[in-house]
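S.K.: missing the sequence, but the structure's below:
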DNA sequence: CAGTTATATAACTATATGGTTACTGACGAG
DNA sequence: CTCGTCAGTAACCATATAGTTATATAACTG
């Protein structure tokens, strides 16, 4: 799922889908890359569980999958906690060193 | 900076550096890949501004760069807001549809 | 039915990436 | 000075990835 979102084109697709569901053709019309390329990206996003597809006759309507979105949010929250902890630790280290050296 | 953190090996390097500064050799000893590979990763991390290097004789001591860490935290926070907004919108859509259909 | 449209699939290309080995240079110890 | 060590550079390799074009399949439309 992380690697699915690593590609900027796929992130843009998801961002567009966040505004509402779209068919594959509608997605493709927003990019300068050819339709088969979009099909690939959509397939990857679908395979990662990030989006779902409802086939309605010829058109495939794509939408963001709420469950996956929840996982994304959870994952980001974990990352946020981790990096903030790193940042805090760096802040402490700076304080320590400024104390030891008599400071700035 | 995002692409620098996209590689799992580089993330692990940063995680180890979060525990304290390390020389290139010390970093390399924690991985199964050869030293020149680590050198490359370190160079990429340094080029992205995520870590800094203090050359002390033969040894190169690496540490996380606080400024970049702040940027990472800011970026993650923006992402968190964005994806939570997407999630909220999806939640509303579900509510709407269940209202319309009389569904559970 | 024939023709058009929406999408997928196949085969290929180009490029980026992560890894390797071999070698080089700088520093420090004896 | 010589030798060993830490690290960087160069050249190369394998693989993955994003894109392409051409073709196939399936559903509408007249």
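M.R.: Perfect, thanks for sending it. Note that the coordinates shown come from a computational prediction; the quantities given were computed from them, not determined experimentally. Numbering: from 1, shown residues only, chains lettered A, B, ... in the order given.

S.K.: any low-confidence regions in chain A?
M.R.: Chain A contains residues with pLDDT under 70 at A:92-104.

S.K.: would you map out the domains in it?
M.R.: Per the record, chain A has its domains at A:2-64, A:66-104, by automatic domain parsing.

S.K.: DNA strand C is nearest to which of those?
M.R.: Relative to DNA strand C, the nearest member of these by Cβ to the nearest atom of the strand is domain A:2-64, separated by 2.5 Å. In this view, the C-beta of every residue, glycine as well, is placed from N, C-alpha and C.

S.K.: for that closest one, measure first residue to last.
M.R.: Length of domain A:2-64, first residue to last, Cα to Cα, to the nearest Å: 15 Å.

S.K.: ok, so what distance separates whichever residue of chain A sits closest to DNA strand D from residue A:23?
M.R.: With Cβ to the nearest atom of the strand, the shortest gap between chain A and DNA strand D falls at residue A:57, namely 2.0 Å. Per Cβ to Cβ, to the nearest Å, residue A:57 is found 11 Å from residue A:23.

S.K.: what's the overlap in contacts for these two?
M.R.: Common neighbours of residue A:57 and residue A:23, counting by Cβ atoms under 8 Å, 6 or more residues apart in numbering or on different chains, are absent.

S.K.: now do the strands in chain A.
M.R.: Per DSSP state E, chain A carries strands over the ranges A:22-23, A:51-56, A:59-64.

S.K.: got those as TSV, with distance to residue A:79 and mean neighbour count columns?
M.R.: TSV is the format used below for the strands of chain A (distance: least, Cβ to Cβ, whole Å; neighbours: other Cβ atoms under 10 Å in any protein chain shown):
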stretch	distance to residue A:79	mean neighbour count
strand A:22-23	28	19
strand A:51-56	22	14
strand A:59-64	20	18
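
S.K.: let me have these in JSON lines, extended by distance to residue B:61.
M.R.: Below are the strands of chain A laid out as JSON lines (distance: least, Cβ to Cβ, whole Å):
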{"stretch": "strand A:22-23", "distance to residue B:61": "51"}
{"stretch": "strand A:51-56", "distance to residue B:61": "45"}
{"stretch": "strand A:59-64", "distance to residue B:61": "45"}
